[in-house]
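In: Give me the fold of what follows.
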Amino acid sequence: MSPETTCLHPAPLDWVAELCHVSRVIRRQLSERYASAGLSENRVAVLLALSAPVSGFTQSGLAQELGLSESNLCDLIERMRLEGLLERQRSPLDRRKSVLTLTETGQDRCRLVRELHGRFEQDFKSGSMPELQETVSRCVAVLSDCLKIGESATASVRRVA
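Out: Numbers count the residues shown, from 1 in each chain. The predicted structure follows:
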């Protein structure tokens, strides 16, 4: 069996390994695109999380949301703050806490990330069959929904402000 055939037809218990492999390939390709824009995967994750319509993460809430340690995130947040991508503001709900928000520069950078993602998606679509695109979209949506079920119990703890 050729490597291509093996990848298209993994053993029933091997789908998790195959999914992990696909994830690594996608992350590597996106990381190259991010690097060309002076970004890293973690910076992109912070930008996208803070651009959500209901943002207002504390630093610990953001670390929990992204699955990063607070110590690693602390250094990244400080560098991004010094670069003018985000700022700390007092929480309107609890003045003892500060929340992270994107600056105008951070919002511009976030738009750039979305453009990079759009180009990545277009590149995928241009190299695949239409029925494959539809199948991939459906599978990703179902997988995402299934994974959210496990997270829903802890979701309310993530947002503090």
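In: wait, is N42 part of a helix?
Out: Yes. Assigned with DSSP: H, G, I helix; E, B strand; the rest coil, N42 falls within a helix.
In: in stretch 111-123, what's buried?
Out: Of the residues in stretch 111-123, L112, V113, L116 count as buried by neighbour count, 16 or more other Cβ atoms under 10 Å. In short, each C-beta sits where N, CA and C put it, glycine included.
In: In this protein, where is pLDDT below threshold?
Out: Residue ranges of the chain with pLDDT under 70: 1-13, 55, 149-161.
In: For E83, what are phi and psi?
Out: Torsion angles at E83 (phi, psi; degrees, to the nearest 10) stand at phi -80, psi 0.
In: For the residue nearest the centre of the chain, which residues are in contact?
Out: Most central residue of the chain, judged by C-alpha distance to the mean C-alpha position with Cα atoms, centre = their mean, is A45 at 4.4 Å. A45 is in contact with L66, L68, counting by Cβ atoms under 8 Å, 6 or more residues apart in numbering.
In: what helix or strand is it on?
Out: Secondary structure from DSSP states H and E places A45 in helix 41-50.
In: Which SSE is immediately downstream of that helix?
Out: Using DSSP H and E, the helix or strand that follows helix 41-50 in sequence is helix 59-66.
In: helices or strands next to that following helix in the packing?
Out: Where contact means 3 or more Cβ pairs under 8 Å, 6 or more residues apart in numbering; DSSP states H and E, helix 59-66 is packed against helix 41-50, helix 70-82, strand 98-102, helix 130-158.
In: and the closest residue to L68 other than its chain neighbours, how many residues sit next to it?
Out: Among residues not flanking L68 along the chain, N42 sits closest, at 6.9 Å (Cβ to Cβ, 6 or more residues apart in numbering). Using other Cβ atoms under 10 Å, N42 has 15 other residues around it.
In: and if you look at R109?
Out: So R109, with other Cβ under 10 Å, has 23 neighbours.
In: Helix, strand, or coil at it?
Out: From three-state DSSP, the assignment for R109 is helix.
In: I'd say it and L39 touch.
Out: Yes. Using Cβ atoms under 8 Å, R109 is in contact with L39, at 7.2 Å.
In: Pull up the overlap in contacts between these two.
Out: Common neighbours of R109 and L39 (Cβ under 8 Å, 6+ apart) are L47.
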